[in-house]
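Pasting a predicted model and its sequence here:
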Amino acid sequence: MASNNNGAPTAENAAPAINVLAQYAKDLSFENPNAPRSLAPRTSAPNIEIKVNVNARKVGETDFEVELAIEGQAKDGEQLIFRVDLTYGGVFRVINIPEEQIHPVVMIECPRLLFPFARQIVADSVRNGGFPPLMIDPVDFAALYRARAEEAEGTA
C-alpha cells in the first residue's frame, strides 16, 4: 500500500467506505382518526399495507442525503384504523468507491443502514398511538433498486 510522508495511506489506495455523518427524522405523522372507537378489541386482524421508497441527492463532493420513506396504514374493511408516515434521512460520505458503483451503493447500502432506526420509530409511533407495535419485515433494498431500474427502463 502506498503512503504519504507521514505514513498514512493515500486516497488512491484507501479502502472503500460509507460513513454516516447524520441521521434524523425528517417528517413523521401518525393519525388515529377514529379514536377511541378504533382502539376497541377486534374479532379479525386488520388489513395492513406498507410502502417503502428511497430517494437520494448529492449534497457535497462525496456526500449524499438519503431519504427512506415508509408509509403504513391499517384498515378494517374500508375504515381507516391508523396511518403512519415517516421520512427518515441520513447524510452519508461515500469514498473510494468506483463512480459506476456509487448509485447502487447509495440506493441499497445507505437505506439498509437507516432501516433499523426507521423501523423502530414506526413501531414506537404505532404503539404510542394505542396499538400493538407495527414491526415491519426486513426490506430487500437490492430488489427494490432492481425493480425501480426496470421500471425506469420501461418508461424510457
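All right, it came through fine.

How many residues are close by the residue lying closest to Ile108 once chain neighbours are set aside?
Nearest-residue entry for Ile108: Phe141, 4.6 Å, with adjacent residues in sequence omitted and distances by CB to CB, 6 or more residues apart in numbering. Using the backbone N, CA and C atoms, a C-beta is placed for each residue, glycine as well. The local packing count at Phe141 equals 21, with neighbours defined by other CB atoms under 10 Å.

pLDDT score assigned to Phe141?
Per-residue confidence at Phe141 stands at 97 (pLDDT).

wait, doesn't it sit right on Pro111?
Yes. With contact taken as CB atoms under 8 Å, Phe141 and Pro111 are classed as touching, separated by 5.2 Å.

Within the helices and strands, which one has Ala22?
Ala22 is part of strand 17-31, with elements assigned from DSSP states H and E.

Name the strands paired with that strand and say parallel or antiparallel.
Using DSSP bridges, the strands paired with strand 17-31 in its sheet are strand 79-95 (antiparallel).
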